[in-house]
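Trainee: next comes the sequence, and after it the predicted model I'd like to discuss.
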Amino acid sequence: MQEPMFLKPVFQEKIWGGSRLRSVFGFDIPSDKIGEDWAISAHPHGVSIVENGEFKGQKLDDLWANHKELFGHPTEPVFPLLIKILDAEDELSVQVHPDDTYGMEHEGELGKTECWYIIDAEPGAEIIYGHHAKTREELAKMIEEGRWDDLLKRVPVKKGDFFYVPSGTIHAIGKGIMILETQQSSDTTYRVYDYDRKDDQGNTRELHIQQSIDVTTVPAKTPELHVKEIREGNSSVVTYLETEFFNVYEWDVKGIMSFKKQAPYTLMTVIAGAGELVVDGKTYSLEKGTSCLIPDGVKEWTIQGELAIIASVPGEKK
């Protein structure tokens, strides 16, 4: 197959969601409480559908099961990655995700390691990223006593920041932040704290205190980033992460850039600007919010215009 597969967004309503996926990205969202655009997903809670070409109308999970050649004949049972754009109109819950071993044993799915590119952030915006407990016993005690200011580590953020959030990291996206999230294909979230807020029916959301204590890394570890940038004229490729789960890049194109295949398939989402993708002599329009998957059969491609793209490929298992 010599063509990219463009994917239809799947929108998820959230208690903390807003309307900026419409106002910033131009999406036709179904309500003003949309927190997530699942841009590239084969997860059963929101599966992407192909919008063009030979496989138009087909679901990404079915293609993974029945057309392994598109993905370089992988051995994993499920498509391993999930790409989202999040609009945090309000604070997300304080939460933590399990690793693969705990996730498979207790939830029947992958764990969740993720990373965030900050698309935009209001002045003064911050995230929760890590904690101050020295032992698991201290962690449990601080949670039980509700000593959130003592426990949680807050970090100010701005547009263009990047954070790696391995499984076991206590975290929360703060109010007024939009991010592109690259993650393992998992929807398992253990809530530690949700600000005692209630939904429209007056119900509080479920917490998962014991699971959170079980899976949190203690003491907290802040992963080091080894960011690399390669400039090509006015354009650049930034490598943020190379892990066993995913490699994540920013392609900042001003003019024309050519790319050669580095992995069995490549995922890309336009986060700013507009331009064109050229594959095998055919031109495809790229707009803010466009997401596509470049399958194994495409060996090289060109991007032209003035636009920023977050791209990812599957990591190499250690």
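Mentor: All right, it came through fine. Numbering: from 1, shown residues only.
Trainee: show me where the stretch 51-200 of the chain has strands.
Mentor: 81-88, 94-96, 114-121, 126-131, 152-156, 162-165, 171-172, 177-184, 190-193 (DSSP state E, counting those that start in this stretch).
Trainee: now distance to Ile49 and mean pLDDT too, for the ones you listed, in JSON lines please.
Mentor: C-beta here means a position set from N, CA and C on the backbone, and glycine is covered the same way. Formatted as JSON lines, the strands of the stretch 51-200 of the chain follow (distance: least, CB to CB, whole Å; pLDDT from 0 to 100):
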{"stretch": "strand 81-88", "distance to Ile49": "15", "mean pLDDT": "98"}
{"stretch": "strand 94-96", "distance to Ile49": "28", "mean pLDDT": "97"}
{"stretch": "strand 114-121", "distance to Ile49": "23", "mean pLDDT": "98"}
{"stretch": "strand 126-131", "distance to Ile49": "32", "mean pLDDT": "98"}
{"stretch": "strand 152-156", "distance to Ile49": "36", "mean pLDDT": "98"}
{"stretch": "strand 162-165", "distance to Ile49": "28", "mean pLDDT": "98"}
{"stretch": "strand 171-172", "distance to Ile49": "30", "mean pLDDT": "98"}
{"stretch": "strand 177-184", "distance to Ile49": "20", "mean pLDDT": "98"}
{"stretch": "strand 190-193", "distance to Ile49": "30", "mean pLDDT": "97"}
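Trainee: of those strands, which is nearest Val279?
Mentor: strand 81-88 (19.5 Å; CB to CB).
Trainee: could you check the angle strand 177-184 makes with the closest one?
Mentor: Orientation check (axes from the mean of the first three to the mean of the last three CA atoms, to 10 degrees): strand 81-88 against strand 177-184 gives 160 degrees.
Trainee: against which helices or strands is strand 81-88 packed?
Mentor: Contact analysis of strand 81-88 by 3 or more CB pairs under 8 Å, 6 or more residues apart in numbering; DSSP states H and E lists strand 10-18, helix 20-23, strand 34-40, strand 177-184, strand 266-279, strand 300-314 as its packing neighbours.
Trainee: coming back round to it: let's have the strands of the stretch 51-200 of the chain in CSV, adding distance to Met5 and mean neighbour count.
Mentor: What follows is the strands of the stretch 51-200 of the chain, written out as CSV (distance: least, CB to CB, whole Å; neighbours: other CB atoms under 10 Å):
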stretch, distance to Met5, mean neighbour count
strand 81-88, 13, 25
strand 94-96, 31, 23
strand 114-121, 22, 22
strand 126-131, 32, 22
strand 152-156, 36, 15
strand 162-165, 26, 20
strand 171-172, 31, 24
strand 177-184, 18, 24
strand 190-193, 33, 22
